[in-house]
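Undergrad: Fold the following, please.
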Amino acid sequence: MADITQSNLNNEHEELPYYEEEIDGARELLEAEQRANTEAEIRSVKANSITVGDILDRPPRKIHSYAPHFAIAGGLSLLSAPPKEGKSTLLLDVLGALTTNKPVLGESTNHAKVVYAFEQSEHVLFDQLKETPVPSLVGNKDIHIIPLEKNGKLLKVEEDEHGQCFGIRQPFTNWTEQLNYWISELQTHKAEILVLDTWSAFALLAGGEANDAGIVVQKLTLLKQAVFAYNCNTAIIINHHLRKINPPGREPNMEDIMGSTGMRSVPDCNLLLWNPKLKDRPNVRKLKIEGRFGVVPDRYIELTPDGFVVCADEVKQEAKKEADEQDVLFNAHRANPDLESLGIRGVAAEVDVSEWQVRKFRGKYPPAARFFQKARDEGGLKDLQPFGYNFGGKD
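TA: Predicted coordinates:
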């Protein structure tokens, strides 16, 4: 047995150089392949175009999004809502989560640094965060805020009467200067996400241009081109105010984004936030998503002390019940304009809904009893349109 063992050892010892040569050869082939891949990638990056075949042959990206739908690598997301609906609060919660590797609305995230251009001053943001704290922002060093007073070319530093230094800056007057400034901040902080909060604050649009699709598309496309030329894996997020929801209080839809068609067509993902004003659930919002990456169901989300979470089914049912009762009230007033002359309790008893629903309805639609009367006498309801009652046509 000893002789056999020794013989085996000798044989192994004799064959060892052969294995070493084989390993060295494999290593050289691997290194050559890696060099070839690197050279091919460099040629691809330098080239002005790429074939469809090459695109489809590429391996899957390491990161598709930093937060699903909100921050897409190499994409632009637009978060829209009426003013004061909670866009910035939701966005700060999302950014706080992804910079600390926590999930967003039950979905995993990828860490990234953020440059955040904010339409208000540092003092207003401080007050806002004190009023509505976001736990993941405490001590956060990966979200770099550009408050409004810092969004400009620094001219000089002065000192006020209290001995506190402040900078004097020249605001940007053209879109190219503005884009160059944001790109420089992305480079400085090695950030992968650029946030504009809000579009109207920074777009440098003259009167009427907000509704000009050509100008809006041009500005958004130049924004994407400039950012992705800097780093094709950067994500852009824009907060956008929805205005003129008619009738007031109506649930908005994606069509309401189109002050210009460009605001809906250029983004790779549109997110729409709405406050359904549920009784006893003031922090519930409805989130709708429309994008290039498949159909996403509408979700009800709620702000909790730990951040936004997806609501349970009973909240969805509660929201649907309230929406249905609002429709009942709307149709009841259309059929009987005299309901406007009744008190809240009287309308609730007559229509068989809660007093809360009547208060909510009257918050949406201003009292217009005399206009109902006029419309009824004249046989039409079109006169009520300026007051939020868009029944249309003849009754």
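Undergrad: got a list of what Val353 touches?
TA: Glu325, Val328, Leu329, Val347 (C-beta atoms under 8 Å, 6 or more residues apart in numbering). C-beta: built from backbone N, CA, C; applies to glycine.
Undergrad: swap in Pro305?
TA: Contacts for Pro305 (C-beta under 8 Å, 6+ apart) come out as Pro135.
Undergrad: before we move on, back to that, among the contacts of Val353, show me the least confident.
TA: Minimum pLDDT for the contacts of Val353 is recorded at Glu325 (78).
Undergrad: Which helix or strand contains that one?
TA: Using DSSP states H and E, Glu325 sits within helix 313-335.
Undergrad: Can you give me the buried ones in that helix?
TA: Judged by neighbour count (16 or more other C-beta atoms under 10 Å), helix 313-335 contains these buried residues: Val315, Lys316, Glu318, Ala319, Glu322, Glu325, Gln326, Leu329, Phe330, Ala332, His333, Arg334.
Undergrad: Tell me which other helices or strands that helix touches.
TA: Helix 313-335 sits against strand 284-291, strand 299-304, helix 344-351, helix 355-364, with contacts defined as 3 or more C-beta pairs under 8 Å, 6 or more residues apart in numbering; DSSP states H and E.
Undergrad: To Met263, which of these lies closest?
TA: strand 284-291 (12.3 Å; C-beta to C-beta).
Undergrad: mind listing what Asp281 touches?
TA: Careful, residue 281 is Arg; it's not Asp. Contact partners of Arg281, counting by C-beta under 8 Å, 6+ apart, are Glu302, Val315, Glu318.
Undergrad: Oops, could you answer that again for Ala97 instead?
TA: Neighbouring residues of Ala97 by C-beta under 8 Å, 6+ apart: Ala67, Pro103, Val104, Thr109, Ser136, Gly307.
Undergrad: Leaving out chain neighbours, which residue sits closest to the last one?
TA: Ranked by C-beta to C-beta, 6 or more residues apart in numbering and with sequence neighbours excluded, the top spatial neighbour of Gly307 is Asp93, at 4.8 Å.
Undergrad: Tell me the confidence at that neighbour?
TA: At Asp93, pLDDT is 95.
Undergrad: Can you check my assumption that it lies in a helix?
TA: Yes: judged by DSSP: H, G, I helix; E, B strand; the rest coil, Asp93 forms part of a helix.
Undergrad: hang on, the earlier thing: nearest to Gly53, of the helices and strands packed on helix 313-335?
TA: Among these, the nearest to Gly53 by C-beta to C-beta is strand 284-291 (25.9 Å).
Undergrad: and the closest one, which strands flank it?
TA: Neighbouring strands of strand 284-291 in its sheet, by DSSP bridges, are strand 269-274 (antiparallel), strand 299-304 (antiparallel).
Undergrad: Need the buried residues of helix 313-335 in CSV (columns: distance to Gly207).
TA: Converted to CSV, the buried residues of helix 313-335 look like this (distance: C-beta to C-beta, whole Å):
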residue, distance to Gly207
Val315, 42
Lys316, 42
Glu318, 43
Ala319, 38
Glu322, 39
Glu325, 41
Gln326, 36
Leu329, 39
Phe330, 35
Ala332, 42
His333, 38
Arg334, 37
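Undergrad: check contacts around Met263.
TA: Met263 neighbours (C-beta under 8 Å, 6+ apart): Leu78, Ser80, Trp199, Val216, Leu220, His240, Ile257.
Undergrad: What are the buried residues along the helix or strand encompassing it?
TA: Element membership for Met263 (DSSP H and E) is helix 262-265. Using 16+ other C-beta under 10 Å as the test for burial, helix 262-265 gives Gly262, Met263, Arg264.
Undergrad: Show me how far it is from its chain's centre.
TA: 14 Å (C-alpha atoms, centre = their mean, to the nearest Å).
Undergrad: So which of the contacts of Met263 wins on neighbours?
TA: In terms of neighbours by other C-beta atoms under 10 Å, those top out with Ser80 at 27 neighbours.
Undergrad: how near is that one to Leu90?
TA: From Ser80 over to Leu90 the distance is 12 Å, taken as C-beta to C-beta, to the nearest Å.
Undergrad: shared neighbours of the two, anything?
TA: Leu273.
Undergrad: filter the contacts of Ala97 to the buried ones?
TA: Ala67, Val104, Thr109, Ser136, Gly307.
Undergrad: and the last one, what pLDDT?
TA: This points to Gly307. On pLDDT, Gly307 comes in at 90.
Undergrad: residue contacts, Val328?
TA: Val351, Val353.
Undergrad: re the thing from before, quick check: which of the helices and strands packed on helix 313-335 is buried the most?
TA: The highest mean neighbour count among those, using mean count of other C-beta atoms under 10 Å, belongs to strand 284-291: a mean of 20.
Undergrad: domain ranges for the chain?
TA: Using automatic domain parsing, the domain parsing of the chain gives 2-57, 65-311, 319-387.
Undergrad: Surely Arg243 and Ser80 touch.
TA: No: the pair Arg243 / Ser80 is not scored as a contact, 10.3 Å apart, by C-beta atoms under 8 Å.
Undergrad: ok now do the spatially closest residue to Ser265 that is not a sequence neighbour, which residues does it touch?
TA: Spatially, and ignoring its direct neighbours in sequence, Ser265 is nearest to Val217 (7.2 Å; C-beta to C-beta, 6+ apart). Residues in contact with Val217 (C-beta under 8 Å, 6+ apart) are Ser260, Gly262, Ser265, Val266.
Undergrad: Looks to me like Val217 is in a strand.
TA: No: looking at Val217 with three-state DSSP, it is helix, so not inside a strand.
Undergrad: Arg264 versus that one, what's the distance?
TA: Val217 is 11 Å from Arg264, by C-beta to C-beta.
Undergrad: Remind me which helix or strand Leu90 belongs to.
TA: Secondary structure (DSSP H and E) places Leu90 in helix 87-99.
Undergrad: What residues of that helix count as buried?
TA: By neighbour count with 16+ other C-beta under 10 Å, helix 87-99 contains the buried residues 87-99.
Undergrad: Give me the pLDDT for Lys394.
TA: At Lys394, pLDDT is 39.
Undergrad: what stretches of the stretch 1-150 of the chain score poorly on pLDDT?
TA: 1-26, 33, 36-37, 39-41, 44-45 (pLDDT under 70).
Undergrad: Thank you, goodbye.
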